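**Student:** Build me a model:
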Amino acid sequence: MNKLSQGVGNLRTFVGEVKVELLKCSWPTRKELFGQSAVVIISVVILSAFVGLCDVVNMGLLRFIIR
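**Tutor:** Numbering: from 1, shown residues only. The predicted structure follows:
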């Protein structure tokens, strides 16, 4: 029983410390969040288009070499 109560006490301490640390964080504003999200989404679209283009070119080269 002692280990259980000690575990619960440790968990309460941990959650309390997490709460204190989260209050110290600097959270982005709504405008900053949307701006950064847009940059990430646009970057992912551009990177996926590049990877897709490279895939198409490589498949064409392999078909040319194999034939």
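**Student:** where do the helices sit along the protein?
**Tutor:** Ranges of helices in the chain, per DSSP state H, are 2-24, 30-66.
**Student:** and the shortest one, what does it pack onto?
**Tutor:** Pointing back at helix 2-24 there. Where contact means 3 or more CB pairs under 8 Å, 6 or more residues apart in numbering; DSSP states H and E, helix 2-24 is not packed against any helix or strand. Yep, even glycine has a C-beta here, placed from its N, CA and C like the rest.
**Student:** Same question for it: list its buried residues.
**Tutor:** Within helix 2-24, no residue counts as buried by 16 or more other CB atoms under 10 Å.
**Student:** Report the central residue of this structure.
**Tutor:** Centroid-nearest residue in the chain: V40, 10.2 Å away (criterion: CA atoms, centre = their mean).
**Student:** pLDDT value on that residue, please?
**Tutor:** Predicted confidence (pLDDT) for V40: 98.
**Student:** Equivalent analysis for M1, please.
**Tutor:** M1 is given a pLDDT of 65.
**Student:** For T29, see how far away the residue nearest to the centre of the chain is.
**Tutor:** 17 Å (CB to CB, to the nearest Å).
**Student:** Low-confidence regions, this structure specifically.
**Tutor:** Applying pLDDT under 70 to the chain picks out residues 1.
**Student:** List the neighbours of stretch 36-44 that are in contact with it.
**Tutor:** P28 (CB atoms under 8 Å, 6 or more residues apart in numbering).
**Student:** For L61, see how far away A49 is.
**Tutor:** A49 is 19 Å from L61, by CB to CB.
**Student:** My error: substitute Q36 in the last question.
**Tutor:** Between Q36 and L61 the distance, using CB to CB, works out to 37 Å.
**Student:** ok, now V15?
**Tutor:** Distance, V15 to L61, by CB to CB: 57 Å.
**Student:** swap in V40?
**Tutor:** Note on V40: its distance to L61, by CB to CB, is 32 Å.
**Student:** Equivalent analysis for D55, please.
**Tutor:** 11 Å.
**Student:** same thing with K19?
**Tutor:** K19 sits at a distance of 57 Å from L61 (criterion: CB to CB).
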